[in-house]
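1. next comes the sequence, and after it the predicted model I'd like to discuss.
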Amino acid sequence: MNIFDLAGGGAGPAETAAAVCSRKGCRSGAAWQLLWNNPKIHTPERRKIWLACDDHRLWLEDYLQTRALWKETVPLDLAAAPGRDS
Ligand SMILES: [Zn+2]
């Protein structure tokens with residue numbers, strides 16, 4: 001059993017730890033997770049994750065949608081900011 005497959009972090013946890021935009025050459029902090037799947041190489045329930053900054057979210061979505069790989073885009077809520085009410 002491979003828990004990383006279940007979590008969707010196929011390339012390893014280090015890829016998401018940095019939380020930097022996946023767009024080539026962009027070093028902005030990521031605000032979005034783009035979940036995608038390539039049926040040619042992944043099982044249907046598998047999810048790959050690209051990270052995107054606000055500027056490149058649409059660019060990367062379009063890239064994946066053009067290739068019919070895109071599944072969904074969700075906010076990157078690293079902490080969900082609990083206890084920040086004071
Ligand atoms: Zn970017």
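-> Perfect, thanks for sending it.
2. all strands in this protein, in order from the N-terminus.
-> In the chain, the strands defined using DSSP state E lie at 32-36, 48-52, 70-75.
3. quick check: mean pLDDT across the first one?
-> The average pLDDT within strand 32-36 is 97.
4. still on that earlier bit, can you list the strands of the chain in CSV and add distance to the ion?
-> C-betas here are computed from N, CA, C, even on glycine. Below are the strands of the chain laid out as CSV (distance: least, Cβ to the ion, whole Å):
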stretch, distance to the ion
strand 32-36, 10
strand 48-52, 6
strand 70-75, 14
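5. ok, how many other residues are close to Leu60?
-> Neighbour count of Leu60, defined by other Cβ atoms under 10 Å: 22.
6. go on, Gly29?
-> Gly29: 14 neighbours (other Cβ under 10 Å).
7. quick one: it and Ser22 touch, right?
-> No: distance between Gly29 and Ser22: 11.9 Å, which falls outside the contact criterion (Cβ atoms under 8 Å).
8. the longest helix seen in the chain close to the ion?
-> Ranked by residue count under DSSP state H, the longest helix found in the chain is helix 57-66. No: using Cβ under 5 Å from the ion, helix 57-66 stays clear of the ion, with a minimum separation of 7.9 Å.
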